[in-house]
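# any chance you can model this:
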Amino acid sequence: MSSIEHGLPPVIFRDAHLLALDKPPGMPVQPDRTGDRSLLELVHAAFPAVEVGSPHRLDRPVSGVTLFTLDAGTLRHMDACFRERTVVKNYLAIVEGRTSGEGELRHALGHAGGTRKARVGEGTPNAALSYRTMAAGDRYSLLEVTPQGGAFHQIRAQLAAWGHAIKGDVKYGARRKEPDRSIALHAWRMRFPHPATGAVLEIEAKVPERSIWPVLWAMRSVTG
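A predicted model of the protein is given here:
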């Protein structure tokens, strides 16, 4: 099967149980109120005889690894893996400002009533992520980010609360939006035990070539 022929984004991994695609920014993973064609609908069209499942999702302006299951048993297994946090997800983020080193962010994260936005507030921290600076320029830095769990808009809200909003993420305080309305957050790697073999499977999406991604990626060996 050619992903281009079937209108799919690039296929990163495929076997009898799983399909991983490199989602472009701007496409919803699942149908939403806009009515725009979703990635799930494209996968259904490409695999009409398969019981396709969507065990996780990415925000619409985010790119990168998006996982689908190809049978009901695998969907149940992967649902449990995400729920029990046995899936390790590594993201790349370009953030405003200059960061250094590595560390962990912990915040009390909730949902801002009446909005499609997360809110960082007072109380016991219930959201955590680790970060590592890979490259730092005068205005922007490239981070590797690993969230614990997958709360709504977790990475976007926590990095903004830290004072380093994601490039283009005006919803969380970035100075300006990107021309294509993407944000500089990319689901880079996903690692988990394969549902059939138990062997550790690591899936990786290419680093984006839009905006200043190539510049900061090339800097990582010097400043990371």
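# tell me the contacts of the most centrally placed residue in the chain?
With the centre of the chain defined as its mean C-alpha position, the nearest residue by CA atoms, centre = their mean is residue 187, 3.5 Å away. Neighbouring residues of residue 187 by CB atoms under 8 Å, 6 or more residues apart in numbering: 23, 58, 62-66, 89, 91, 205. C-beta: built from backbone N, CA, C; applies to glycine.
# which one of the residues you listed sits closest to residue 182?
Nearest to residue 182, judged by CB to CB, of the contacts of residue 187 is residue 63 at 6.8 Å.
# so which elements touch the worst-scoring helix or strand of the chain on mean pLDDT?
Among the helical and strand segments of the chain, the one scoring lowest on mean pLDDT, DSSP states H and E is helix 213-223, with a mean of 84. In this structure, helix 213-223 packs against strand 127-136, strand 140-148, with contacts taken as 3 or more CB pairs under 8 Å, 6 or more residues apart in numbering; DSSP states H and E.
# put the alpha carbons of the very next helix or strand once past the last one into CSV.
Sequence-wise, the next helix or strand beyond strand 140-148 is helix 154-161, with elements assigned using DSSP states H and E. Once non-C-alpha atoms are left out, helix 154-161 reads as follows in CSV (Å, rounded to 0.1, in the frame of the first residue of the first chain):
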residue,chain,number,x,y,z
GLN,A,154,-0.4,19.6,29.2
ILE,A,155,2.9,20.4,27.4
ARG,A,156,1.5,23.7,26.0
ALA,A,157,0.2,24.9,29.3
GLN,A,158,3.2,23.9,31.4
LEU,A,159,5.8,25.4,29.1
ALA,A,160,3.8,28.6,28.9
ALA,A,161,3.5,28.7,32.7
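# where along this protein do the helices fall?
Secondary structure of the chain, counting by DSSP state H: helices at 39-46, 72-83, 154-161, 213-223.
# residue 101: which of those is closest?
Comparing the helices of the chain by CB to CB, helix 213-223 comes nearest, at 11.4 Å.
# pLDDT at the residue of the chain most remote from its centre, what is it?
Residue distances from the centre of the chain (CA atoms, centre = their mean) peak at residue 49, which lies 28.0 Å from the mean C-alpha position. What the model reports for residue 49 is a pLDDT of 93.
# can you give me phi and psi for it?
Backbone torsions for residue 49, taken as degrees, to the nearest 10, come to phi -100, psi 10.
# show me where pLDDT drops low in this structure?
The chain contains residues with pLDDT under 70 at 1-6, 114, 221-224.
# got the helices of the chain as JSON lines, with mean neighbour count columns?
Formatted as JSON lines, the entries for the helices of the chain read as follows, by neighbours: other CB atoms under 10 Å:
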{"stretch": "helix 39-46", "mean neighbour count": "18"}
{"stretch": "helix 72-83", "mean neighbour count": "16"}
{"stretch": "helix 154-161", "mean neighbour count": "24"}
{"stretch": "helix 213-223", "mean neighbour count": "15"}
